[in-house]
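missing the sequence, but the structure's below:
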């Protein structure tokens with residue numbers, strides 16, 4: 001009977017040995033294909049693991065390693081060997097080797113990578129911190145580079161130089177340099193000059209900066225805070241007045257408000273040169289003297305010429321205080337009438353300032369040929385005229401308008417005695433408030449300062 005019982009129990013024992021003796025690692029992937037349910041882990045209290053193929057893309061070349069959690073009795077995916085799908089990390093992820101992704105990577109937790117990280121897809125992370133050597137201060141140079149597709153040797157980027165010294169840029173993938181602001185649109189320029197550079201807070205610039213031209217040229221005086229002002233405005237506010245006498249090349253200065261001892265309608269016998277050169281102009285014949293007129297232009301006096309026979313003459317020629325190839329003149333004047341050509345306001349031999357039919361103000365220069373440059377004016381209106389000659393061209397400018405020019409070489413002769421108000425038998429009909437002559441060509445900045453000085457004084461425009 002006992003023997004019979006043993007025979008009856010033998011199949012049951014063999015079944016139990018076969019069933020409980022199998023390793024959980026022998027499970028096949030059949031449960032994972034075609035959306036079949038995963039095997040239960042009821043009997044796998046110690047956990048287990050197995051390789052299985054995924055439904056999508058459904059290829060044996062894309063295996064997944066899953067681990068059986070004996071507590072929750074669920075299969076958890078722990079590794080995807082070929083990362084061709086989007087991957088999301090919700091917790092802390094640590095990589096000790098290189099990581100390469102070709103699709104979107106989203107990290108909502110902390111990810112530590114001690115090897116290399118190459119991302120050709122989209123990387124979504126609100127905070128990415130690079131640490132090259134886990135040292136403080138950072139001794140390793142770290143770079144953010146842009147792959148331009150050909151070779152990494154020419155990838156541009158921005159780098160934090162080792163030793164916490166400064167941010168620098170690289171245009172060739174390896175050589176570090178300072179941030180370059182350059183013209184043009186070359187890909188090798190980190191920042192172009194035509195892009196906006198916004199500075200906030202206090203800025204300190206060390207050393208001397210040289211500009212080839214004025215970086216800002218205000219067209220008018222400032223009206224609100226934080227506007228740039230030109231020097232003339234600042235000088236006015238500080239009570240500092242520009243004086244053309246401070247320019248070394250000033251060689252003649254006739255200012256009607258410097259005439260003393262005369263009353264309105266008195267004849268002008270001598271108009272003194274206050275430049276320091278003492279090139280005074282005068283008239284000894286009573287009937288040929290111009291008149292001194294008070295309170296004509298911005299409260300200032302003028303010298304009035306009648307257009308018939310009035311003129312003043314210097315004691316020397318223009319050659320005494322100007323050269324054949326470099327001279328500048330300013331005249332504050334008004335033409336009352338213009339009855340024909342060549343009515344000289346200023347005459348210095350073969351270089352003259354005239355009014356003529358048009359009416360125009362004319363610069364005349366004889367370089368072997370008669371060269372003239374006309375600028376339109378209106379009679380009865382005061383102007384600040386600026387004229388200069390550089391040996392190649394003559395230039396005219398009225399008030400602050402743009403200058404015009406025409407070719408003209410060195411003046412043939414400056415030996416004729418300087419006259420104000422006359423050329424031959426042609427006389428100027430109008431008022432002259434001031435005449436300034438400089439021995440040389442003033443640069444644009446200096447011409448602007450003299451013109452601003454005259455306009456502030458006479459309020460012409």
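Yep, that arrived. Note that the coordinates shown come from a computational prediction; the quantities given were computed from them, not determined experimentally.

Now do stretch 305-322: distance from first to last residue.
Criterion C-alpha to C-alpha, to the nearest Å; first-to-last residue distance in stretch 305-322 is 25 Å.

again, but for stretch 356-374
9 Å.

Check stretch 370-385 too.
Terminal residues of stretch 370-385 are spaced 21 Å apart (C-alpha to C-alpha).

Then stretch 330-344?
End-to-end for stretch 330-344, by C-alpha to C-alpha: 14 Å.

again with stretch 270-285
11 Å.

quick one: contacts of that stretch?
Surrounding stretch 270-285, the residues in contact under the criterion C-beta atoms under 8 Å, 6 or more residues apart in numbering are 245, 250-256, 258-259, 268-269, 289-290, 303, 310-316, 320-321, 418-420, 436. From N, CA and C alone the C-beta is placed, and that goes for glycine too.

now stretch 408-416
With C-beta under 8 Å, 6+ apart, stretch 408-416 has contacts from 317-319, 322-325, 347-351, 365-368, 371, 373, 389, 391-394.

quick one, what contacts residue 167?
158, 159, 160, 161, 179.

Could I have the buried ones of the residues you listed as PyMOL selection syntax?
Selecting only the buried entries of the contacts of residue 167 in PyMOL, with 16 or more other C-beta atoms under 10 Å as the criterion:
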select buried, resi 158+159+160
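
Of the contacts of residue 167, which belong to strands?
158, 159, 160 (DSSP state E).

okay if I get those residues as JSON lines plus distance to residue 356?
Below are these laid out as JSON lines (distance: C-beta to C-beta, whole Å):
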{"residue": "158", "distance to residue 356": "65"}
{"residue": "159", "distance to residue 356": "69"}
{"residue": "160", "distance to residue 356": "71"}
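
least trustworthy position among those residues, going by pLDDT?
On pLDDT alone, residue 160 ranks lowest of those, at 76.

Test for you: state the pLDDT assigned to the closest residue to that one other than its chain neighbours.
Spatially, and ignoring its direct neighbours in sequence, residue 160 is nearest to residue 142 (5.0 Å; C-beta to C-beta, 6 or more residues apart in numbering). pLDDT for residue 142: 75.

Tell me how many other residues crowd residue 142.
When neighbours are counted by other C-beta atoms under 10 Å, residue 142 registers 16.

Kindly report the same for residue 399.
By other C-beta under 10 Å, neighbour count at residue 399 equals 14.

Report the contact partners of it.
383, 384, 451, 455, 460, 461.

Give me the pLDDT for residue 429.
According to the prediction, residue 429 has pLDDT 97.

cool, and residue 322?
Reported pLDDT for residue 322: 87.

Over to residue 179?
Confidence score, pLDDT, at residue 179: 63.

Then residue 392?
Residue 392 is given a pLDDT of 97.

Go ahead and confirm it touches residue 405.
No - using C-beta atoms under 8 Å, residue 392 is not in contact with residue 405; the gap is 9.3 Å.

Who has more neighbours out of these two?
Remark: of residue 392 and residue 405, residue 405 carries more neighbours, 16 against 12, as counted by other C-beta under 10 Å.

Spit out the contact partners of the more buried one.
Contacts of residue 405 by C-beta under 8 Å, 6+ apart are 373, 393, 394, 395, 396.

what helix or strand is it on?
Using DSSP states H and E, residue 405 sits within strand 404-407.

domain ranges for this protein?
Domains of the chain are assigned by automatic domain parsing as 23-124, 142-192, 245-458.

lowest-confidence stretch among those?
Taking the mean pLDDT of these, domain 23-124 comes last: a mean of 52.

Residue 337: helix or strand, and which one exactly?
Here residue 337 sits in a region with no helix or strand, counting by DSSP H and E.

Compute the number of surrounding residues for it.
Applying other C-beta under 10 Å, we find 13 residues neighbouring residue 337.

What's the separation between it and residue 353?
17 Å (C-beta to C-beta, to the nearest Å).

same thing with residue 371?
Distance from residue 371 to residue 353, counting by C-beta to C-beta: 14 Å.

Report the set of residues contacting both of the two.
residue 364.

ok, the two, which is more surrounded?
residue 353 (22 against 18).

need the contact list for that one.
Residue 353 neighbours (C-beta under 8 Å, 6+ apart): 329, 331, 344, 345, 346, 347, 361, 362, 363, 364, 385, 387.
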